[in-house]
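Asker: Below are the sequence and a predicted model for it; my questions follow.
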Amino acid sequence: MIKKAIGLTLTALLMVTSLAGCGNGKGATASRDGEPAAIKVGTNRALGTVVPYIARTRGIIAAKGLKVDIVDFQDGSTLMEAFASGQLDIAFTGVAPAAIWQGKGVPLKVVASANGGGHVLLTREDAGIKDISELKGKKIAEPRTGTVSDTLLRSRILQDEAKLDPEKDVQLLPGMAPADMPAALTVSKEVDAVLTWEPFASRAEREFKGIRVLYDAAAEWKKQKSGAAYYPVNVVVARQSFIDRHPDELKKFLAAYKETVDFINNRPDEANALIARELNLDKEIVASARQRIDYTWQLDIPTTLETLKWSQKLGYLQEIPSPGKLFDSSYLPRE
């Protein structure tokens, strides 16, 4: 039923995409007197996708001579719907949705990485759950199906780690907003665990009594994998028409993006203050949340493809795309 619903939604939206392309075929960024109009960049005010806002606030985008309109979305689903219908040139989105949409015919390429890690499975002290294997028969709230969070929970955590069948051994409640999860877990107690992400996990630990971390996905990844990076979560995608028509603008945008990521990583105290302001959070929560995520512009293609296996195993993704089909790193700045 989940796969059928996703398929129907994508089919309907692809019809919109075809209609949107029946005009001048230039996508969101059209040329005026040889100069490109403002680049439409879709993102949302989340910890992993906050970089464009920081780039704007720091004046990094303007310094590159770019005209950029940052379009704010409440969630990743509406963002990708707008991208699929030709309203955006660039989007910050989960790698799983990017691959799924491309597999359904949306012309896009992953042109940079964005962030990794950040997911936390929370329970409460009186739930009596000491290990993820004890989730059998329990109710778990999660985000929308088909997201990186959903595939991480169902495939890696439940199937691979806990040896549980997500369809039979637990009761998953998809679609709960992360801001509502702590109360559902500790106040109404309608669920026994929640799969959330940063900064919601750090804020829940701070504001709600009885919260306990059952599974820190970033920490568990580091235990099992060598290297400094966490598992890829969000990426930067560009429409193929924008890549083809405005390669210089894409290079400038990615140069500004790299500069911003380097600022966030190299000057964490100053960056945390800006992130806190953009997300309306306490600086201390941002600092705590950043212990579980990383920011990167560099593409780790093999590891990113590895995470897509979670979507394939669940049937969301028919096949793992080839690197040349999904990725285009040629517009990234050199080291």
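Answerer: Everything's here; your move.
Asker: Hmm, residue 300 is touching residue 232, no?
Answerer: Yes. Look at residue 300 against residue 232 with Cβ atoms under 8 Å: they come within range, at 6.4 Å. No exception for glycine: its C-beta is placed from N, CA and C like everyone else's.
Asker: Between those two, which contacts overlap?
Answerer: residue 113 (Cβ atoms under 8 Å, 6 or more residues apart in numbering).
Asker: Please say which of these two ends up with more neighbours.
Answerer: residue 232 (27 against 16; other Cβ atoms under 10 Å).
Asker: Check the secondary structure at the spatially closest residue to residue 159 that is not a sequence neighbour for me.
Answerer: Spatial nearest neighbour of residue 159, excluding adjacent residues (Cβ to Cβ, 6 or more residues apart in numbering): residue 166 at 6.6 Å. Of the three states, residue 166 takes coil according to DSSP: H, G, I helix; E, B strand; the rest coil.
Asker: Can you report how many residues neighbour residue 166?
Answerer: 20.
Asker: Equivalent analysis for residue 139, please.
Answerer: Residue 139, neighbours per other Cβ under 10 Å, totals 18.
Asker: Likewise for residue 78?
Answerer: Applying other Cβ under 10 Å, I find that residue 78 has 12 neighbouring residues.
Asker: Residue 331 contacts residue 249, correct?
Answerer: No. With contact defined as Cβ under 8 Å, residue 331 does not reach residue 249; the gap is 9.8 Å.
Asker: where's the residue nearest to residue 159 relative to residue 220, distance?
Answerer: To residue 220, residue 166 is 18 Å away according to Cβ to Cβ, to the nearest Å.
Asker: Over to residue 142?
Answerer: 17 Å.
Asker: Which one's more surrounded, the two?
Answerer: Under the neighbour definition other Cβ under 10 Å, residue 142 and residue 220 were set side by side, and residue 142 has more, 25 against 17.
Asker: Looking at residue 331 and residue 249, which is more packed in?
Answerer: Taking other Cβ under 10 Å, residue 331 and residue 249 do not tie; residue 249 has more neighbours (22 against 19).
Asker: sec struct for that one, please.
Answerer: Following three-state DSSP, we place residue 249 in the helix state.
Asker: Look up how far residue 113 lies from it.
Answerer: The separation that residue 249 has from residue 113, given Cβ to Cβ, amounts to 20 Å.
Asker: what does residue 125 give?
Answerer: Counting by Cβ to Cβ, the gap from residue 125 to residue 113 is 36 Å.
Asker: between those two, which one's more packed in?
Answerer: residue 113 (27 against 11).
Asker: Could you point out the helix or strand that follows the helix or strand hosting residue 303?
Answerer: Using DSSP states H and E, the element containing residue 303 is helix 301-314. As assigned by DSSP H and E, the chain's next helix or strand after helix 301-314 is helix 323-326.
Asker: shaky segments in the chain?
Answerer: Counting by pLDDT under 70, the chain contains low-confidence ranges at 1-36, 335.
Asker: Map the structural domains onto the sequence of it.
Answerer: 2-117+232-326, 119-224 (automatic domain parsing).
Asker: what's the span of the shortest one from first residue to last?
Answerer: Taking Cα to Cα, to the nearest Å as the measure, domain 119-224 stretches 16 Å from start to finish.
Asker: again, but for stretch 218-234
Answerer: Using Cα to Cα, the end-to-end distance of stretch 218-234 comes to 14 Å.
Asker: Tell me where the stretch 151-300 of the chain has helices.
Answerer: The residue ranges that make up the helices of the stretch 151-300 of the chain, judged by DSSP state H, counting those that start in this stretch, are 181-186, 200-207, 217-224, 240-245, 247-266, 268-279, 283-289.
Asker: neighbours of residue 222, just the number please.
Answerer: When neighbours are counted by other Cβ under 10 Å, residue 222 comes out with 16.
Asker: Test my guess that it contacts residue 229.
Answerer: No. Using Cβ under 8 Å, residue 222 makes no contact with residue 229, being 9.3 Å away.
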